[in-house]
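Peer 1: Model the structure of this input:
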Amino acid sequence: MKTICKKSIVISIILLLIGVSVSSAYSNVVTKSLITENQPPNPPMIMGQIEIQVGVNYQFSFTSTDPEGDNISFYIEWGDGTSDGWTDYSPSGTDRTFVHKC
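Peer 2: The predicted structure is shown next:
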């Protein structure tokens, strides 16, 4: 009899606001600051097994795109009490692959 470990994968995507400062070279002109709204990345597509055997490595792929083309970082909690924490940033639309076993 094989043991099945049901995986739930929760992904949080880091969201940032981008601040742009606009100023003049003249000292008598007031500096203007412009804060632009940053759109969040699109929900990730997750490819991988839903039910897996305990102690076996499985591969999971994550992909998300950002409307402004910003780099994306994933926070991965595997649902079995473990976490990979925040990933390195990668370009929008890049497939990220991780291996996990429970």
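Peer 1: use CA for all of it now, contacts and neighbours both
Peer 2: Will do.
Peer 1: how long is stretch 39-46 end to end?
Peer 2: This stretch, stretch 39-46, spans 21 Å end to end (C-alpha to C-alpha, to the nearest Å).
Peer 1: tell me which residues of that stretch are tucked away?
Peer 2: Pro40, Pro41, Pro44, Ile46 (16 or more other C-alpha atoms under 10 Å).
Peer 1: Farthest pair within these?
Peer 2: Pro40 and Ile46 (17.4 Å; C-alpha to C-alpha).
Peer 1: sorry, back to before: next step: the buried residues of stretch 39-46 restricted to helices.
Peer 2: Taking DSSP state H, every one of the buried residues of stretch 39-46 sits outside helices.
Peer 1: From Asn57, how far off is the nearest residue in space to Gly93 that is not next to it in sequence?
Peer 2: Among residues not flanking Gly93 along the chain, Thr65 sits closest, at 4.6 Å (C-alpha to C-alpha, 6 or more residues apart in numbering). Applying C-alpha to C-alpha, the value for Thr65 to Asn57 is 27 Å.
Peer 1: Thanks again, I'm all set now.
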